[in-house]
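Visitor: Give me a model of this one.
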Amino acid sequence: MTEFDPAPESTATEPRWQQGEDTFSRVYDVAMGITSPTPAAEIADVADCSPNAAKKHLDRLAKMGIISVNRDGRPVQYERNEGYLEWQDASRIADELTVKEIINRVSELEEERADYEDEFGATDPTAVNVYDHDSHEAIHDRMTAVSEWRSVIRDIRLYELAHQLAENDGHLISA
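Guide: Numbers count the residues shown, from 1 in each chain. Model prediction:
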C-alpha cells in the first residue's frame, strides 16, 4: 500500500459503541476496563475520541476518585481506582440484602476463611507455597484453592463494608 492508497474499510460487523453514547460514557467504560496504567491516547483510541477529549474526561474521573493519575512520567498514565470498584460492589450488596443477610454471609465467609487457614496452616494466602508438591494436579489444586481463599478474603472485606453502609443509610459512620 502506498501512502496515497485509501484507508482500508473496517471489517467490524457491529459498531464498537452504541449509537448516541456520549464521549464521557465511552471514556468511563474504557477506564473501568483497563488493568494497568495507560496513556490517554490509548484510551482515546478504544473510546473512539480525540486524545484531548479523553484527557479532559479522564481528569474529571480522577477528580471524582474513580481513576488515579500518575503524572511522574511521560506520557501521563491513568489507572482505575480499585477502591472505587469495591465501593460500588459494597453499595450494591447493601442495597440488595438486609443487614441480617449481610451478617449471615460474613459469618459463612469467615468459616470458609478458617477452613482455608486450617487446610494450609497459615493465616495469609501469600504465605502458601503452591509449588510444594510434585504432581501437576496437586499444584493446580493448590493454586485454585489459594485463589478461592483470596476471593473469600476480598468478599469478607466487601460484605463488612456493605454492613457499615446498610446500618448507616449509605454512610460509613453514623450521622
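Visitor: what's around the closest residue in space to residue 79 that isn't next to it in sequence, how many residues?
Guide: Using C-beta to C-beta, 6 or more residues apart in numbering and skipping the chain neighbours, the partner closest in space to residue 79 is residue 37 (4.7 Å). C-betas here are computed from N, CA, C, even on glycine. Using other C-beta atoms under 10 Å, residue 37 has 14 neighbouring residues.
Visitor: is it true that residue 37 touches residue 75?
Guide: No: under the criterion of C-beta atoms under 8 Å, residue 37 makes no contact with residue 75, lying 10.0 Å away.
Visitor: For residue 101, see how far away residue 46 is.
Guide: Separation of residue 46 from residue 101 (C-beta to C-beta, to the nearest Å): 38 Å.
Visitor: Same drill for the two, tell me which one is more crowded.
Guide: Between residue 46 and residue 101, residue 46 has the larger neighbour count (other C-beta under 10 Å), namely 18 against 14.
Visitor: so who does that one touch?
Guide: Going by C-beta atoms under 8 Å, 6 or more residues apart in numbering, residue 46 touches residue 30.
Visitor: Could you rerun that using 10 Å?
Guide: With contact set as C-beta atoms under 10 Å, 6 or more residues apart in numbering, residue 46 has these partners: 16, 17, 26, 27, 29, 30, 31, 33, 34, 38, 54.
Visitor: element containing it, please.
Guide: If you go by DSSP states H and E, residue 46 is part of helix 40-47.
Visitor: May I have that helix as PDB, with CA atoms only?
Guide: This file holds the C-alpha atoms of helix 40-47, laid out as PDB (Å, rounded to 0.1, in the frame of the first residue of the first chain):
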ATOM      1  CA  ALA A  40      -4.800   9.000  27.400                       C
ATOM      2  CA  ALA A  41      -4.000   8.400  23.700                       C
ATOM      3  CA  GLU A  42      -4.500   4.700  24.100                       C
ATOM      4  CA  ILE A  43      -7.800   5.200  26.000                       C
ATOM      5  CA  ALA A  44      -8.900   7.600  23.300                       C
ATOM      6  CA  ASP A  45      -8.300   5.000  20.600                       C
ATOM      7  CA  VAL A  46     -10.500   2.500  22.300                       C
ATOM      8  CA  ALA A  47     -13.100   5.100  23.200                       C
END
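Visitor: Which positions in that helix come out as buried?
Guide: Neighbour counts over helix 40-47 (16 or more other C-beta atoms under 10 Å) mark 40, 42, 43, 44, 46, 47 as buried.
Visitor: Figure out how far it is from the centre of its chain.
Guide: Averaged C-alpha coordinates place helix 40-47 at 19 Å from its chain's average position (C-alpha atoms, centre = their mean, to the nearest Å).
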